[in-house]
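# No letters, just coordinates:
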């Protein structure tokens, strides 16, 4: 299992469009991926779950991936966050 903490850096936070981008990317991997904000954990393969995180600008999120392609999944998620979901 891989765990990584990342900060939401796009000004609008994780709303519908970034959530859809994230879920689409994560669903390409076989491993399980969960996102945690404070103590609230969601399945990163569900758009409604990702939106319910309420991840605004500056929010820290822990990515947890477990499975054969876990490193690739985490790397892909980190790239999305670092690119600010192509919004800024």
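Yep, that arrived. Computed from a predicted model, the values in this text were never measured in an experiment.
# count of residues packed around residue 87?
14 (other CB atoms under 10 Å). Every residue, glycine included, has its C-beta placed from N, CA and C.
# got it, and residue 40?
Applying other CB under 10 Å, we find 11 residues neighbouring residue 40.
# I figured it hits residue 53, correct?
Yes. Contact status for residue 40 versus residue 53: in contact at 6.7 Å, counting by CB atoms under 8 Å.
# residues touching the most far-flung residue of the chain relative to its centre, list them.
Distance to the chain centre peaks in the chain at residue 68, reaching 18.2 Å (criterion: CA atoms, centre = their mean). Contacts for residue 68 (CB atoms under 8 Å, 6 or more residues apart in numbering) come out as 30-31.
# now do residue 21
Counting by CB under 8 Å, 6+ apart, residue 21 has contacts 80, 85-86.
# and of the residues you listed, the nearest to residue 61?
Distance to residue 61, by CB to CB, is smallest for residue 80 among the contacts of residue 21, at 11.5 Å.
# Retrieve the pLDDT associated with the closest one.
If you check residue 80, the pLDDT there is 95.
# Please report how far it lies from residue 39.
Separation of residue 80 from residue 39 (CB to CB, to the nearest Å): 23 Å.
# the more surrounded of those two?
Legend: neighbour count by other CB under 10 Å for residue 80 and residue 39, higher for residue 80 (18 against 5).
# just checking, that one is part of a strand?
No. Going by DSSP: H, G, I helix; E, B strand; the rest coil, the assignment for residue 80 is helix, not a strand.
# Against residue 63, how distant is it?
10 Å.
# Ok, residue 76 next?
Taking CB to CB, one finds residue 76 at 10 Å from residue 63.
# First-to-last residue distance for stretch 22-42?
End-to-end distance of stretch 22-42 (CA to CA, to the nearest Å): 13 Å.
# list the buried ones in that stretch?
Within stretch 22-42, the residues that count as buried by 16 or more other CB atoms under 10 Å are 22-23, 25-26, 29, 31-37, 42.
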